[in-house]
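Participant: pasted the sequence and its predicted model underneath.
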Amino acid sequence: MRRSTERARDERGVTLIELVAGILVTTVIVAAGFAILTTTSKAVRANDQTVDLQQNIRMAMNLIEHDIKEAGFGMVGQVGNCAVAGTPQAIIPQDNVPGGNDAGPDAISLVVPTTSSGSPAVIGPPAIPAIPAWSLAVAAATPAGQPGFNQLTLQPGAVATMAAAGLAVNSTITINGAVTATVAAVSAGGNTITLANPIASPATFPVGTQIHLLQCITYQVIGYPLPDANGVCQGSAPCLARGVAGAGLNCNVAASPCLPIVDGIMDLQLGYACDGCNALINAGVADAVIDDLDGSGGFTAGDFWTNSNWAVAPLTPDKIRLVQVNLVARQTAADIGYGEGGTTSASLTNGPIVVSDHNPANDAGYNAATYSQVRHRLLIRTVDARNIGL
């Protein structure tokens, strides 16, 4: 009898209290694990957005820096719409408010060369360098008895890719920076470019000489502080746009010729250091020394012009030697909060980033709470305009 009772006691089930306790413990463990997983996931996303923010602003800076360094290469005469008061210029500053504090981003237009789009035309052995795609397939030289030559024969397919990049009648090209000419005709099938005026002797260019297409391109921030009414950013405003703008050098127009190249760029402020652009310094004559605008006795941040229309001599763009580029970028989306939904309520940027003479807090529609909900980054770089004033 005792053995039967002991056996029954050993085989009894789990009580209701034990079951409830077990479920409660399991629920706590699962909830804790889920919370850790959710927090980790959101932290990873926040980190990814920070990385994207850093990459975006560096990409934008690298593009602008490259084109400022190349501005004016091979330029003779006016290219596209790059001119100030009727005078051709390689750099066209576009200050948001030339006479006072800016109420938005600046813009800039530059004459830049494009070349070798696509793969090399000919790939030789390691000891022989590859021939650039946009280059001469036939040596360009003056035929016997002629005063010059006006036709260039390029590598197979080169003219077609140049046309896709914007080459057309009245475009400007340069033969390796040595000779600049206007295009009179384009034959993609024949891989030839006919020039409006013959290039006189004794100019001779061998096979492989690079051909550059010169264009007046504009960099402009779209979608801040005003909405992107023309859809230039293609739904990802604000953005940095780049392209060959028409009259007025404005990308923010309907059917814009400019393309969005970097998302999240919300401010571009530019300063220009020059040589010979101040009549009170060395009588406005260039002397290979940056004008000491602030009278400090040396080169400082105070030597950059930030407000001017650059249209009255001696303050003209050809005197520019250095360009200070200030870029502000923002996350393309707000972080997800650590709760179950919505965005984080923490302030990720403490107040507006004031750059040069632009304070976003003074812009129409500025909202401090919205501004602070995402991270912002400021990147500043001074770039040498290598091809101007040589």
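Facilitator: That came through fine.

Participant: that's a helix at residue 194, yeah?
Facilitator: No - secondary structure of residue 194 (DSSP: H, G, I helix; E, B strand; the rest coil): strand, not part of a helix.

Participant: need the contact partners of stretch 291-306.
Facilitator: With Cβ atoms under 8 Å, 6 or more residues apart in numbering as the test, stretch 291-306 has contacts from 95, 269-278, 281-282, 290, 315, 322, 324, 356-357. All C-beta atoms are positioned from the backbone trio N, CA, C, and that covers glycine.

Participant: report the buried members of these.
Facilitator: Those of those that meet the buried threshold are 95, 269-278, 281, 290, 315, 322, 324, 356-357, by 16 or more other Cβ atoms under 10 Å.

Participant: would you map out the domains in this structure?
Facilitator: Annotated domains of the chain cover 47-115+214-384, 116-122+129-209 [automatic domain parsing].

Participant: could you pull out the helices in the stretch 151-300 of the chain for me?
Facilitator: Secondary structure of the stretch 151-300 of the chain (DSSP state H, counting those that start in this stretch): helices at 158-164.

Participant: I'd say residue 277 and residue 316 touch.
Facilitator: Yes - using Cβ atoms under 8 Å, residue 277 is in contact with residue 316, at 6.9 Å.

Participant: which elements pack onto the helix ranked longest in the chain?
Facilitator: Longest helix in the chain by number of residues (criterion: DSSP state H): helix 16-70. Applying 3 or more Cβ pairs under 8 Å, 6 or more residues apart in numbering; DSSP states H and E, we find helix 16-70 packed against strand 107-114, strand 211-222, strand 259-263, strand 265-274, strand 320-330, strand 376-384.

Participant: which among the ones you listed is found nearest to residue 143?
Facilitator: Within the helices and strands packed on helix 16-70, the stretch nearest residue 143 is strand 211-222; the backing value is 19.7 Å (Cβ to Cβ).

Participant: return the closest one as PDB; C-alpha atoms alone will do.
Facilitator: Below are the C-alpha coordinates for strand 211-222, written out as PDB (Å, rounded to 0.1, in the frame of the first residue of the first chain):
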ATOM      1  CA  ILE A 211      40.100  65.000 -77.100                       C
ATOM      2  CA  HIS A 212      38.200  66.800 -74.300                       C
ATOM      3  CA  LEU A 213      34.600  68.000 -74.500                       C
ATOM      4  CA  LEU A 214      34.300  71.400 -72.700                       C
ATOM      5  CA  GLN A 215      31.000  72.100 -70.900                       C
ATOM      6  CA  CYS A 216      29.600  74.800 -68.600                       C
ATOM      7  CA  ILE A 217      28.200  72.800 -65.700                       C
ATOM      8  CA  THR A 218      26.400  74.000 -62.700                       C
ATOM      9  CA  TYR A 219      26.300  72.600 -59.100                       C
ATOM     10  CA  GLN A 220      23.100  73.600 -57.200                       C
ATOM     11  CA  VAL A 221      21.300  72.400 -54.000                       C
ATOM     12  CA  ILE A 222      17.700  71.600 -54.700                       C
END
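
Participant: what strands line up against that strand, and which way round?
Facilitator: If you go by DSSP bridges, strand 211-222 pairs up with strand 107-114 (antiparallel), strand 172-175 (antiparallel), strand 239-243 (antiparallel).

Participant: picking that back up, pick out the shakiest of the domains of the chain, pLDDT-wise.
Facilitator: Here the domains of the chain differ in mean pLDDT, and the lowest is domain 116-122+129-209 at a mean of 88.

Participant: first vs last residue of that one, how far apart are they?
Facilitator: 11 Å (Cα to Cα, to the nearest Å).

Participant: what's the burial count for the closest residue in space to residue 328 that isn't next to it in sequence?
Facilitator: Using Cβ to Cβ, 6 or more residues apart in numbering and skipping residues adjacent in sequence, the residue nearest residue 328 is residue 267, 3.8 Å away. Neighbours of residue 267 under the rule other Cβ atoms under 10 Å: 28.

Participant: cool, and residue 57?
Facilitator: 22.

Participant: next one: residue 298
Facilitator: Close neighbours of residue 298, defined as other Cβ under 10 Å, add up to 8.

Participant: identify each buried residue in stretch 201-221, please.
Facilitator: For stretch 201-221, the buried set under the neighbour-count rule, 16+ other Cβ under 10 Å, comprises 205, 208-221.

Participant: do stretch 245-264 as well
Facilitator: Judged by neighbour count (16+ other Cβ under 10 Å), stretch 245-264 contains these buried residues: 245-246, 249-252, 256, 258, 260-264.

Participant: which residues are in contact with that stretch?
Facilitator: Counting by Cβ under 8 Å, 6+ apart, 52-53, 56-57, 59-60, 63, 81-82, 92, 94, 107, 109, 216-218, 220, 222, 230, 232-234, 236, 238-244, 329-332 sit against stretch 245-264.
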